[in-house]
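> quick one, what's the 3D model for this:
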Amino acid sequence: MTKTSVEPVVVPRQARRRGLWLSVAAVVVVLAAGGFVTLRLVSPVPAPRIVQTVPRVYAIPGVPPVLPWPEAGQAAVEIDGLGRLGSSGGSRPVPIASVAKVMTAYVVLRDHPLRLDENGPTLTVSAEEAAAYPSQLASGQSLVQVVAGEVLTERQALQALLLPSANNIAHILARWDAGSSDAFVAKMNQAAAGLGMADTRYTDPSGLAPSTVSTAADQVTLGRAAMQVPVLAQIVAMPQATLPVVGPASNVNTQIGKDGIVGIKTGSTDEAGGCLLFAAEISAEGQRLRIIGAVLAPGPNMADAFEATRRLIQASSGLPHKYRAVRAGDVVATARGPMGRSTTLAATGDVDVLGWPGLAYQIDTLTTMPRRHIAAGTHVGTLKLTASATAVTTALQTTQALAPPSRWERITHG
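Residues are numbered from 1 along each chain as shown. Here you go, the predicted model:
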């Protein structure tokens, strides 16, 4: 019997290496595929993308109002919190006389704030300041009498500045606050720049210098900011105050309490004519509103400024009304989720805005869309309409369900 010998199969070294690499590669592919699937499944589902489908601006329909603007000088009017009603007379900077004292008071109260029930720190009239009074009086300036060593509280000094419109007190306050009138004027100009009053330049704290100039529009900006300072608004509404040396001192703004006027400052010089920065309160649609306006040199004296102001307030008072900008159920946006799924977002309530024809409200959809299944009728955010400092909102809800992608869709589509 013949024996058959089996020779061992010798696999070439190169082939063995190739097989090993194929095995390793297979393992790597399996692991990578598993890692890929795991990564797809653990990766967060992107939130739905919101696309607003209504215009970004809602303008109240109709013809914008035209106010009875003065034939001369400049004027500007706004309803605080809503927007400007318009302006007239251009934007060339002109002298503003004692209206400049509003900025003086604003800066002093910014540097030395007072509570409504607080008198604040004291300041003492220097001998030099008292000695200047007779010559200042002879020049026809608006003043209050002061004596050397007289002590005024900050509140009393502000009352003397804003009610009888004392030029000398403007300089005394400037020295007390900043060390000198020049240093204080620099602060006034810095404050004006901070408020965006690009056409305003202060050269003295009282406004006596005709080189202190501004525009009606800039003064309305200042008036709005000043009336937000409670103590300043409180003082300019006073018919009179009692001061240490002169006793009772009346407010030279004789229109306080008329046509809803609650402040803020008169000004009159030969160069400036009659000027008035005013605030008045009105009622519209059950709401209390504040008109801020400025009239600069509608005539040579204060009577002209007062008459121009009266007409502007009366015309403005009848303008604010409510307008329906959005109705409940109106679709305002689309929510686009993964895999082409989408739903629309609708307002849950009517949105009425206060204003006048031409006033524009910005429209924004503010949403917090969840990444999970969203049922129809789910509240997912807010529709917000904004004009100046006024905002009106309503909730948003989905009109159809929006499902997230399935596990298979997440694996196959990412």
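> how about the strands in the stretch 151-300 of the chain?
Using DSSP state E, counting those that start in this stretch, the strands of the stretch 151-300 of the chain run over 151-153, 213-214, 240-243, 247-250, 261-269, 273-284, 287-296.
> any chance of these in TSV, plus mean pLDDT and distance to A191?
Glycine gets a C-beta too; all of them are placed from N, C-alpha and C. Conversion of the strands of the stretch 151-300 of the chain to TSV gives the following (pLDDT from 0 to 100; distance: least, CB to CB, whole Å):
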stretch	mean pLDDT	distance to A191
strand 151-153	98	23
strand 213-214	98	13
strand 240-243	97	25
strand 247-250	97	26
strand 261-269	97	16
strand 273-284	97	15
strand 287-296	97	17
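> please identify which of those is closest to G81.
Across the strands of the stretch 151-300 of the chain, G81 has its closest neighbour in strand 287-296 (7.4 Å, CB to CB).
> buried ones in that closest one?
The neighbour-count check on strand 287-296 (16 or more other CB atoms under 10 Å) flags 289-296 as buried.
> quick one: it to strand 273-284, angle?
Interaxial angle, strand 287-296 versus strand 273-284 (axes from the mean of the first three to the mean of the last three CA atoms, to 10 degrees): 170 degrees.
> run through the neighbouring helices and strands of strand 287-296.
strand 74-79, helix 216-226, strand 273-284, helix 302-317 (3 or more CB pairs under 8 Å, 6 or more residues apart in numbering; DSSP states H and E).
> so which of those is the most packed in?
strand 74-79 (a mean of 26; mean count of other CB atoms under 10 Å).
> partner strands of that one and their direction?
strand 83-88 (antiparallel), strand 287-296 (antiparallel) (DSSP bridges).
> dump these to CSV, plus distance to H373.
Output for the strands paired with strand 74-79, formatted as CSV (distance: least, CB to CB, whole Å):
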stretch, distance to H373
strand 83-88, 43
strand 287-296, 42
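> please report the distance of Y58 from V392.
As judged by CB to CB, to the nearest Å, Y58 and V392 stand 10 Å apart.
> got any residues that touch both of those two?
325, 353, 361, 385 (CB atoms under 8 Å, 6 or more residues apart in numbering).
> between those residues, identify the one with the most neighbours.
Y361 (25 neighbours; other CB atoms under 10 Å).
> may I have stretch 80-88 as CSV, with CA atoms only?
Coordinates of each C-alpha in stretch 80-88 appear next as CSV, following Å, rounded to 0.1, in the frame of the first residue of the first chain:
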residue,chain,number,x,y,z
ASP,A,80,-43.8,109.8,24.2
GLY,A,81,-43.4,106.1,23.7
LEU,A,82,-45.0,106.0,20.2
GLY,A,83,-43.0,108.3,17.9
ARG,A,84,-42.7,111.7,16.2
LEU,A,85,-45.7,113.4,14.8
GLY,A,86,-43.5,115.6,12.6
SER,A,87,-41.5,118.8,12.5
SER,A,88,-41.3,122.1,10.7
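> buried stuff in it?
For stretch 80-88, burial by neighbour count (16+ other CB under 10 Å) applies to 80-83, 85-88.
> stretch 234-254 now?
Within stretch 234-254, the residues scored as buried using 16+ other CB under 10 Å are 235-238, 241, 243-244, 249, 251-253.
> tabulate those residues (JSON lines), appending distance to A272.
Listed next are the buried residues of stretch 234-254 as JSON lines, based on distance: CB to CB, whole Å:
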{"residue": "I235", "distance to A272": "22"}
{"residue": "V236", "distance to A272": "19"}
{"residue": "A237", "distance to A272": "24"}
{"residue": "M238", "distance to A272": "24"}
{"residue": "A241", "distance to A272": "25"}
{"residue": "L243", "distance to A272": "26"}
{"residue": "P244", "distance to A272": "30"}
{"residue": "A249", "distance to A272": "22"}
{"residue": "N251", "distance to A272": "19"}
{"residue": "V252", "distance to A272": "14"}
{"residue": "N253", "distance to A272": "16"}
